[in-house]
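A.B. asks: take a look and give me a structure for this.
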Amino acid sequence: MNKYCIDEKNINIRLDKVISILNTELSRTAIQRLLEKDKVLVNGKRQKASYKVCLNDIIEIEEEEAQEIDLKAQDIPLEIIYEDKDIIVINKPKGIVVHPANGNPDGTIVNAIMNICKDSLSGIGGEIRPGIVHRLDKDTSGLLIIAKNDKAHINMSEQIKDRKVKKTYIALVRGIIKENEATINMPIGRSTKDRKKMAVTKQGKEAITHFKVLQRYDKYTLLEIKIDTGRTHQIRVHLSEIGYPVIGDYTYSNGKNEFGIIGQLLHAKKLEFMHPITSEKMILEAELPVEFENVLKELENRKITD
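C.D. replies: Purely as a prediction, here's the structure:
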């Protein structure tokens, strides 16, 4: 149990905010969870997150001990783009899921990272776990950041939540897009017709996708894509919604294509962020997968020039 006494410089601040000031090791999500579980008391009583603290209030925080989770480390080869004592950035291959789940109990990025990190794992959220701070879909390839310790995990999570991490994707879509650049601003939420899918819906959360045409081909367009938000399946949903589904995407189109590709041609090519510990600006890139490059070679003689 950690105890803090509110001094003059912290009065009239929301409880959840003042906790982040008093204990910089706690993420926003962790603080919210502690409040919901009555692990935070003000003068011995439970208070809402919005409670404005007063001079000499006593804040008691009962932090959760990290628990081991039943996951095994597996020697799965990964292409490491960057690594130091705080973070790893990998080039995730298509066809591998990030987290174990029903149908994918092992053979995941998490199992591979546990083998690489050994005992250096974050304990955020009450579990000892690899510091996966964002995700990529199973059939999306490209750059993925992993934090090796709690401090790096918290900082990276905050950067992502505050939209300070810039992500650039490359996608090949069906159809010829006329606009050179455009922004898709459509809310995304769980589909009411199929709970396994996402959809553009008025009840959804804000989702913003920017794209720029890199090359037009007969029947296809190669895009550079940047996202302001990180909704589940965001790029795939948005592009399908405007009539240009990603090649190989069986969830948001029929997936059929002349190249025999299974799984979408969508690649997280570039990441820009501040190193969570040193504050150094990081700009990392991952080359397109060979499969993706081979499709572009096939299309080389089908380019449309202005």
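A.B. asks: where does the protein have its least confident helix or strand?
C.D. replies: strand 131-132 (a mean of 77; mean pLDDT, DSSP states H and E).
A.B. asks: in its sheet, what does that strand sit against?
C.D. replies: Strand 131-132 pairs in its sheet with strand 141-147 (antiparallel), by DSSP bridges.
A.B. asks: so which elements touch the longest helix seen in the chain?
C.D. replies: Taking DSSP state H as the criterion, the chain has its longest helix at helix 150-161. Contacting helix 150-161 under the criterion 3 or more C-beta pairs under 8 Å, 6 or more residues apart in numbering; DSSP states H and E are the following elements: helix 28-36, strand 131-132, strand 141-147, strand 266-274. C-beta here means a position set from N, CA and C on the backbone, and glycine is covered the same way.
A.B. asks: make a markdown table from the ones you listed and add mean neighbour count to it.
C.D. replies: Output for the helices and strands packed on helix 150-161, formatted as a markdown table (neighbours: other C-beta atoms under 10 Å):
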| stretch | mean neighbour count |
| --- | --- |
| helix 28-36 | 17 |
| strand 131-132 | 22 |
| strand 141-147 | 26 |
| strand 266-274 | 21 |
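A.B. asks: out of these, nearest to residue 94?
C.D. replies: Nearest of those to residue 94, taken as C-beta to C-beta: strand 141-147 at 4.4 Å.
A.B. asks: tell me the mean pLDDT for the closest one?
C.D. replies: Mean pLDDT, computed over strand 141-147, is 93.
A.B. asks: contacting residues for the residue nearest the centre of the chain?
C.D. replies: The residue lying closest to the centre of the chain (C-alpha atoms, centre = their mean) is residue 134, at 2.5 Å. By C-beta atoms under 8 Å, 6 or more residues apart in numbering, residue 134 lies in contact with 144, 145, 160, 165, 230.
A.B. asks: same thing but 10 Å
C.D. replies: 98, 143-146, 156-157, 159-160, 165, 167, 230, 268, 271 (C-beta atoms under 10 Å, 6 or more residues apart in numbering).
A.B. asks: and for residue 264?
C.D. replies: By C-beta under 10 Å, 6+ apart, residue 264 lies in contact with 94, 137-141, 171-173, 233, 235-236, 239, 245-253, 255.
A.B. asks: among these, which lie within strands?
C.D. replies: Of the positions in the contacts of residue 264, 141, 171, 172, 173 sit in strands, assigned by DSSP state E.
A.B. asks: export the residues you listed to TSV and tack on distance to residue 196?
C.D. replies: Shown next, in TSV, are these (distance: C-beta to C-beta, whole Å):
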residue	distance to residue 196
141	21
171	21
172	24
173	22
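A.B. asks: name the nearest of those residues relative to residue 215.
C.D. replies: residue 172 (9.3 Å).
A.B. asks: these two touch, right, the closest one and residue 225?
C.D. replies: No: between residue 172 and residue 225 there is no contact under C-beta atoms under 10 Å: 11.1 Å.
A.B. asks: overlap in contacts, these two.
C.D. replies: Joint contacts of residue 172 and residue 225 (C-beta under 10 Å, 6+ apart) are 246, 266, 267.
A.B. asks: let me see the ranges of the helices in this structure.
C.D. replies: Using DSSP H, helices in the chain cover 15-22, 28-36, 109-117, 150-161, 234-241, 290-298.
A.B. asks: between the ones in strands among the contacts of residue 264, which is nearest residue 200?
C.D. replies: residue 173 (16.4 Å).
A.B. asks: mind checking pLDDT for the closest one?
C.D. replies: 98.
A.B. asks: do the one 4 residues further on as well
C.D. replies: pLDDT recorded at residue 177 is 97.
A.B. asks: next: the one 4 residues further on.
C.D. replies: Looking at residue 181, its pLDDT stands at 97.
A.B. asks: ok, it - contacts?
C.D. replies: 210, 211, 212, 213, 223, 224.
A.B. asks: residue 178 too?
C.D. replies: 213, 216, 221.
A.B. asks: go on, residue 12?
C.D. replies: Residue 12 sits next to 6, 18, 52, 53, 54, 55 when contact means C-beta under 10 Å, 6+ apart.
A.B. asks: repeat the analysis, applying 6 Å as the threshold.
C.D. replies: Applying C-beta atoms under 6 Å, 6 or more residues apart in numbering, we find residue 12 in contact with residue 52.
A.B. asks: same question, the one 10 residues further on
C.D. replies: With contact set as C-beta under 6 Å, 6+ apart, residue 22 has these partners: residue 4.
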